[in-house]
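Chemist: structure of the sequence below:
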Amino acid sequence: MSKVEAKTVDDTAKFGKSKNGGLTAQEQLRTLAQNMNTLATEMRNQQNDLRKRGMNLPSGSAERVRYASTRLDPLGNLLTSQQIELRQLRALAETTALINSSLSTDDVLNQVMDTVIQLTGAERGYIMLKNKFTGEMEFRIARGIDREQLGREDFVVSSTIVQEVATTAQPVLTDNARSDPRYEQQESIVGHQLRSILCVPLTVQGDVIGVVYCDNRVLAGLFKEHELNLLIAFANQAAVAIQNARLFESARASLIEATEIRDLMNNIFTSIASGLIAIDGYNLITAYNPTAEMLTGISYEQAWGANVFEVLTMLGNEFSERLRRVREWDTTEEWEAEILQKGHGTRYWNISIAPLSRPDAPESNNESVVILLDDLTELKAREAQLAQVRRYLPVALVDNIRSEELNLGGQEREVSLIFADVRGFTSFSERLQPEVLMEIINKYLSVASDSINLFEGVVEKYIGDAVTGMFNTQLNPQTDHALRAVRAALSMIYDVVALHETLPEDQRLYYGVAVHTGMAVLGNVGSPERQEFSALGDAVEMLKLLQENSGRGEVIISAATYAQVNAYFECEALTPRVTKGHEDFTVMYKVLGRKRRS
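Modeler: Presented below is the predicted three-dimensional model:
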């Protein structure tokens, strides 16, 4: 009797007891047999007494009673066997219900393996499942065996049997592997005393999804046809439960993957800087990102499912016409539009429309379109700002400016200002024709502006025959602005001398140049239609005074400028001729040239 049968007999004994705690059916049969034997003995004794008195019992009655008692033992054994089988079937039904209630593959496999060991009384066993991608059998769960043991030579037989069952979908039962002609030549049978082996396929709709293997190294004849049939019945139910659990886990993994992809797409969709609107063939909005909400001022709840023409009313008839062309010609349309938006004033949008291919959509509705909206308002403003800056600075310097860092509305800072005026130009101009006059003065003004640009200054303005420039503005921040301004002034003087070599003697004029360093307010000055970047404040007034004190071919600088450049230039202190009431204006400096380095 196997271990499971011994346990089942014990369980059956409990199962067979009456509810009032009486004897089991088997015990009652044994008692009946004992009583019948006693009755047969008594009948023989009574037969002798009756014969003495000339009487007899019916012929053979005692033998029939004894014979009947001998038939009770097989009946008890049959009853025990049936109760064992009933108990196993009930346990099988309970286990089947249990494994079918779980959707975890590992939980189902553990329950199946425990049930197999319990039903068969096997010493050890394992389950292998077929990899749905490679088709190979993979170890999943075991009892009494670990994964490392399966790779050793002593499991050649079990591996052979597993492959045979997986290939043929037929179970294998051997009650004594050592004498089974199919396996008796295997070295592991002899060396490792494998005796009883039972292996059945796990099949679902005719497909083998795995194999259940169990064995016993000690007991021969442990597995019979009964265990085989029982295990086959259980394996059929277990296979469905395992497959359901695997399908559930696969579906759950697919759902998780789909959810992750959806979340990723939502994140991408949300992070797109452009307003994105997708519409179907009926012009109904099917996608609408947060940027589109911000640009149009219409919420997602209001826009989703609405007609696109009701949402983008501000685009007018041009949008309708371009949308028609995109659908008819399967092309892309892009244009800029000036939008008058309530609460936001004038806005500038770049609009792009492109066909959106959707293979899953019906042909009648496969006219989906995606619309991209980009707000160019700030970009236009920056471009306009840079356009203004280009009027003041060389192109190379403008390219290095980040327009978002500019503050042309007004900023107070220390600057160095330069003022260059052509001396004697008024009397000179009276003798020339206008065309000639303009040609000559532009040559002199070019010399001055080129010198300012050379040292990365800002040409502020042209005033007749004069030029003003600025250093260390928000357009050209410089730590050595005073040094640059003086160098630009000297460059003007030197370049005018070079210009004289190309001009007749009666056209040779000279600059008087002044440089001052001080605090000034810098920004755009003028009307909305016409503005100039300029400096305001006392520093401008001091610059004008210095310029009035400069002579032909001279560079005059203020005391503030001198304090920053005296280490680089030889200068001569002078008393101002013109002060215009500025009592603190008592000294100025004439720049003689660069200092020689020792």
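
Chemist: how about the backbone phi and psi for the closest residue to Leu103 other than its chain neighbours?
Modeler: Spatial nearest neighbour of Leu103, excluding adjacent residues (C-beta to C-beta, 6 or more residues apart in numbering): Phe248 at 4.4 Å. From N, CA and C alone the C-beta is placed, and that goes for glycine too. Dihedral angles of Phe248 (phi, psi; degrees, to the nearest 10) stand at phi -60, psi -50.

Chemist: show me the contacts for the residue lying closest to Glu249 once chain neighbours are set aside.
Modeler: Nearest residue to Glu249 in three dimensions, chain neighbours excluded: Thr105, at 5.6 Å (C-beta to C-beta, 6+ apart). If you count contacts by C-beta atoms under 8 Å, 6 or more residues apart in numbering, Thr105 has them with 242, 245-246, 249.

Chemist: where does the stretch 51-200 of the chain dip in pLDDT?
Modeler: 57, 59-63, 65-73, 75-101, 146-157, 175-195 (pLDDT under 70).

Chemist: and the strands in it?
Modeler: 124-130, 137-143, 172-174, 196-204 (DSSP state E, counting those that start in this stretch).

Chemist: of those, which approaches His500 most closely?
Modeler: Minimum separation from His500 across the strands of the stretch 51-200 of the chain (C-beta to C-beta) falls at strand 137-143, 97.1 Å.

Chemist: what's in contact with the closest one?
Modeler: Everything outside strand 137-143 that qualifies as a contact, by C-beta under 8 Å, 6+ apart, is 106, 109-110, 112-114, 117, 124-131, 147, 150, 162-163, 166, 210-211.

Chemist: what about 10 Å?
Modeler: Contact with strand 137-143 is made by 105-106, 108-114, 116-117, 122-131, 145-147, 149-151, 159, 162-163, 165-166, 208, 210-214, 242, as judged by C-beta atoms under 10 Å, 6 or more residues apart in numbering.

Chemist: what does stretch 329-348 give?
Modeler: 295-297, 312, 314-316, 318-319, 321-326, 349-355, 357, 367, 369-381.

Chemist: now a ChimeraX select for only the buried ones of the contacts of strand 137-143.
Modeler: Listed next is the ChimeraX selection for buried residues among the contacts of strand 137-143, using 16 or more other C-beta atoms under 10 Å:
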select :105,108,109,110,111,112,113,116,117,122,123,124,125,126,127,128,129,130,145,150,159,162,165,166,208,210,211,212,213,214,242
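
Chemist: which ones among the contacts of strand 137-143 map onto helices?
Modeler: Those of these mapping onto helices are 105-106, 108-114, 116-117, 147, 149-150, 159, 162-163, 165-166, 242, per DSSP state H.

Chemist: pop the domain breakdown of the chain in here.
Modeler: Following automatic domain parsing, one gets these domains for the chain: 3-80, 102-250, 272-374, 383-594.

Chemist: export those domains to a markdown table and tack on distance to Ala258?
Modeler: Listed next are the domains of the chain as a markdown table, based on distance: least, C-beta to C-beta, whole Å:
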| stretch | distance to Ala258 |
| --- | --- |
| domain 3-80 | 46 |
| domain 102-250 | 12 |
| domain 272-374 | 15 |
| domain 383-594 | 41 |
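
Chemist: which one of the ones you listed has the lowest average pLDDT?
Modeler: Among the domains of the chain, domain 3-80 carries the lowest mean pLDDT, a mean of 63.

Chemist: now name the helix or strand holding Ala239.
Modeler: Using DSSP states H and E, Ala239 falls within helix 225-271.

Chemist: which residues does the residue lying closest to Ser158 once chain neighbours are set aside form beta bridges with?
Modeler: Excluding the flanking residues, the one nearest Ser158 by C-beta to C-beta, 6+ apart is Tyr213, at 5.7 Å. Applying DSSP bridges to Tyr213 gives these bridge partners: Tyr126, Cys199.

Chemist: pretty sure Tyr213 is touching Gly144, no?
Modeler: No: contact criterion C-beta atoms under 10 Å: Tyr213 and Gly144 do not qualify, at 11.4 Å.

Chemist: joint contacts of these two?
Modeler: Common neighbours of Tyr213 and Gly144 (criterion: C-beta under 10 Å, 6+ apart): 122, 124-126.

Chemist: roughly how far does the residue nearest to Glu249 sit from Glu532?
Modeler: Noted for Thr105: a distance of 79 Å to Glu532, by C-beta to C-beta, to the nearest Å.

Chemist: cool, Leu376 as well?
Modeler: For Leu376 relative to Glu532 (C-beta to C-beta), the value is 26 Å.

Chemist: mind checking which of the two has more residues around it?
Modeler: Leu376 (16 against 13; other C-beta atoms under 10 Å).

Chemist: tell me which residue is most central in this structure.
Modeler: Central residue of the chain (C-alpha atoms, centre = their mean): Leu264, 5.0 Å from the mean position.

Chemist: pull the number of nearby residues for Asn244.
Modeler: 17.

Chemist: quick check: it touching Leu103?
Modeler: Yes: taking contacts as C-beta under 10 Å, Asn244 lies within contact range of Leu103: 7.0 Å.

Chemist: one step back: what residues are up against the residue nearest to Leu103?
Modeler: Taking C-beta under 10 Å, 6+ apart as the test, what Phe248 contacts is 102-105.

Chemist: and it, how far is that from Thr105?
Modeler: Following C-beta to C-beta, the distance that separates Phe248 from Thr105 is 8 Å.

Chemist: give me the element Val436 is part of.
Modeler: Assigned by DSSP H and E, Val436 falls in helix 434-454.

Chemist: packing partners of that helix?
Modeler: helix 395-399, strand 411-423, helix 425-429, strand 458-463, strand 466-471, helix 481-500, strand 510-526 (3 or more C-beta pairs under 10 Å, 6 or more residues apart in numbering; DSSP states H and E).

Chemist: could you rerun that using 8 Å?
Modeler: Under the contact definition 3 or more C-beta pairs under 8 Å, 6 or more residues apart in numbering; DSSP states H and E, helix 434-454 sits against strand 411-423, helix 425-429, strand 458-463, strand 466-471, helix 481-500.

Chemist: need the winner for burial among those.
Modeler: The highest mean neighbour count among the helices and strands packed on helix 434-454, using mean count of other C-beta atoms under 10 Å, belongs to strand 466-471: a mean of 25.

Chemist: pull the CA atoms of it into PDB?
Modeler: Backbone C-alpha positions of strand 466-471 (Å, rounded to 0.1, in the frame of the first residue of the first chain) are rendered in PDB as follows:
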ATOM      1  CA  ALA A 466      29.200 115.000 -35.400                       C
ATOM      2  CA  VAL A 467      29.100 111.400 -34.200                       C
ATOM      3  CA  THR A 468      28.400 110.100 -30.700                       C
ATOM      4  CA  GLY A 469      29.100 106.600 -29.400                       C
ATOM      5  CA  MET A 470      28.700 104.600 -26.200                       C
ATOM      6  CA  PHE A 471      30.700 101.900 -24.400                       C
END
